[in-house]
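In: my questions concern the predicted model and sequence given below.
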Amino acid sequence: MLILRMAMGNESVDLKKRAFLTRTSQALGAIAVCGAAIPLVQYLKPGREAAMSSLPVEFDLSGLKPGDQRTVLWRGKPIWVIRRTMEQVTALNKINPNLSDPNSQIEQQPEYAKNPYRSLRPDILVLVGLCTHLGCAPTFRPEPKAIDEDWDGGFFCSCHGSKFDLAGRVYKGVPAPTNLEVPPYYFKNDQLLVIGAHEA
Amino acid sequence: MSFNQWINSRLPISDFFDQHLRQYYAPKNLNFWYFFGSLAILCLSIQIISGIWLLMYYEPTAKTAFDSIEFMMREVPYGWLLRYVHAVGASSFFVILYFHLYRALMYGSYQRPRELLWLSGVLLLILAMAEAYTGYVLPWGQMSYWAAKVIMNIFGAIPFIGEPIMHLIQGDYVVSEVTLQRFFAFHVVAFPMILLAMVFLHLVALHTVGSNNPDGIEIKDNKGADGIPKDGVPFHPYFTIKDLVAAAAFLIIFFTIVFYNPTMDGLFLEKENFIPANPLVTPPEIKPSWYLAPYYAILRAVPNQLLGALAMISG
Ligand code: FES
């Protein structure tokens, strides 16, 4: 407003031109701000070191006895490797009405783990050991009746009480919305597991 | 009632800006020497933003400080840019401050009624030096280490209380990791906060007494019927536009240096500072950053340790 008042005295002021100049300089200023933001934002991205930690990791299965659980780190996340016993594997086949997604309809696993065992080989289970509720690490409780009367063995998250069966399938009526995630993996040979990549 | 009114009757943001930009009258005869105040604010903002980003990777320990900066420059996207912007920014800040100060001396802007404006400016310069000095120590290169040592020994030259004070500041009997970590605290938190508070006071003083001008006319002595100084123009838009041109010119020069000669051939970042600190080997020549050089020259010119330090401080 003031600028208009000041301009009144001067007949030759071209307000259109002035508006044009204002708008162009605003636009150029906006471009400059965006340009300056590029390095500042790029800087925040995960760097090469973080990318290194996402390389696949190998795991030797020879020391893993039936019923054992081991944890390896991949991308900073705990990955569980579990060798299930024959009984545990056969138990997974019977339909449990208390599971909320028994057939793994929700994308929480690679295509090759979309089966009742949620694994490539029925005995070896590979899971991301983080609860799908808010990311706590559930505990492996294979013993029946360990948590409550109907407990058949599985994973129990002590943070808010989510329950998963021995294939990482989530039970109904718990805070966790989906089954535990299965990371990409493959077997290099009988004894060597590669976590973090699909078979080439 | 508009949204603006609703806000303004509770938190008078736009009134504040009107008062201090649109209805703040600056002498209409201000020349280019008056750019440097707003350029100093621009420099300070560049330093604060780049500093925050540097902090994300910098590790203030004797073992990791040097390497964390090298890592940032080589591995982190645009890490080199942020680091050089911060380093060149420090030197530019002093170029700007010295021009700003020269302007004040030249036009007598320290005289009545602007004495406190001048004094707060002097305090700001001293604070900026402390900030620059503590910052220069952080990369923990050869020059960082030895410059820290020399300046610490200046404190040590004060009779009787000198040595205890020196030990108190450096937190050790020699300059060490303890010193590095407290300089980190000073550089990143303490000094910037005081600096910002002082900038605020400096601006409060400025907006109370108003800008001086090359002709030394008090524009407030000659007001029109509407109470507006006849020789004044509103700061916004007249001087904001003018300052923007200055900012553009400054940024062109600034980034030319950042992109083509970020160390300014060793003037902004000494070669020795690309060698990790080594308490056993002193670099052949220790020289402080150029902006502290005059004071350091006084120190070296006086053969007596105490007198030299005194002369330097009074200078
Ligand atoms: S995080 Fe596991 S139940 Fe909430």
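Out: Everything's here; your move.
In: neighbours of the closest residue to residue B:290 other than its chain neighbours, how many?
Out: Nearest residue to residue B:290 in three dimensions, chain neighbours excluded: residue B:267, at 5.5 Å (C-beta to C-beta, 6 or more residues apart in numbering or on different chains). Any C-beta I mention is one placed from the backbone N, CA and C, and that applies to glycine too. Residues lying near residue B:267 (other C-beta atoms under 10 Å in any protein chain shown) number 14.
In: so for residue B:267, what's the pLDDT?
Out: We note a pLDDT of 89 for residue B:267 in this prediction.
In: what helix or strand is it on?
Out: Using DSSP states H and E, residue B:267 falls within no helix or strand.
In: if I look at it, how far off is the ligand?
Out: 56 Å (C-beta to the nearest ligand atom, to the nearest Å).
In: domain ranges for chain A?
Out: A:1-45, A:52-195 (automatic domain parsing).
In: tell me which of those is the most buried.
Out: Highest mean neighbour count among the domains of chain A (mean count of other C-beta atoms under 10 Å in any protein chain shown): domain A:52-195, with a mean of 17.
In: which parts of the chain are helices?
Out: Went with chain A since none was named. Using DSSP state H, the helices of chain A run over A:2-8, A:15-44, A:48-52, A:86-93.
In: other chain: chain B
Out: Under DSSP H, chain B gives helices at B:3-10, B:13-17, B:36-55, B:65-75, B:79-106, B:115-137, B:142-156, B:162-170, B:177-185, B:191-209, B:240-260, B:293-301, B:305-314.
In: mind putting these into CSV with mean neighbour count?
Out: As requested, these are exported to CSV (neighbours: other C-beta atoms under 10 Å in any protein chain shown):
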stretch, mean neighbour count
helix B:3-10, 10
helix B:13-17, 12
helix B:36-55, 19
helix B:65-75, 18
helix B:79-106, 20
helix B:115-137, 19
helix B:142-156, 21
helix B:162-170, 16
helix B:177-185, 18
helix B:191-209, 16
helix B:240-260, 15
helix B:293-301, 15
helix B:305-314, 15
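In: poorly predicted segments of chain A, please.
Out: Chain A contains residues with pLDDT under 70 at A:1-11.
In: turn the domains of chain A into CSV, columns for distance to chain B.
Out: Putting the domains of chain A into CSV (distance: least, C-beta to the nearest C-beta, whole Å) gives the following:
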stretch, distance to chain B
domain A:1-45, 4
domain A:52-195, 10
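In: kindly reformat those domains as JSON lines containing distance to the ligand.
Out: Putting the domains of chain A into JSON lines (distance: least, C-beta to the nearest ligand atom, whole Å) gives the following:
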{"stretch": "domain A:1-45", "distance to the ligand": "27"}
{"stretch": "domain A:52-195", "distance to the ligand": "3"}
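In: of all these, which lies closest to residue B:215?
Out: domain A:1-45 (22.0 Å; C-beta to C-beta).
In: circling back: dump the helices of chain A into TSV; add distance to residue A:115 as well.
Out: Output for the helices of chain A, formatted as TSV (distance: least, C-beta to C-beta, whole Å):
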stretch	distance to residue A:115
helix A:2-8	73
helix A:15-44	40
helix A:48-52	32
helix A:86-93	9
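In: looking at the ones you listed, which is closest to residue B:101?
Out: helix A:15-44 (28.5 Å).
In: ranges for the strands of chain A?
Out: Ranges of strands in chain A, per DSSP state E, are A:57-60, A:69-74, A:77-83, A:124-128, A:139-141, A:154-156, A:163-164, A:185-189, A:192-195.
In: now the closest residue to residue A:81 other than its chain neighbours: how far from residue A:82?
Out: Excluding the flanking residues, the one nearest residue A:81 by C-beta to C-beta, 6+ apart is residue A:70, at 4.9 Å. According to C-beta to C-beta, to the nearest Å, residue A:70 and residue A:82 sit 8 Å apart.
In: can you check residue A:24 too?
Out: Residue A:24 sits 65 Å away from residue A:82, taking C-beta to C-beta as the criterion.
In: ok, now residue B:229?
Out: Distance from residue B:229 to residue A:82, by C-beta to C-beta: 82 Å.
In: ramachandran coordinates for the closest residue to residue A:190 other than its chain neighbours?
Out: Distances taken as C-beta to C-beta, 6+ apart place residue A:61 nearest to residue A:190, at 7.7 Å, with adjacent residues excluded. When read as degrees, to the nearest 10, the backbone of residue A:61 gives phi -90, psi -10.
In: who's in contact with residue A:61?
Out: Residues near residue A:61 by C-beta atoms under 8 Å, 6 or more residues apart in numbering or on different chains: A:81, A:83, A:124, A:190-193.
In: next: residue B:194.
Out: Neighbour list for residue B:194: residue B:127 [criterion: C-beta under 8 Å, 6+ apart].
In: against residue B:225, how distant is it?
Out: In terms of C-beta to C-beta, residue B:194 sits 44 Å off from residue B:225.
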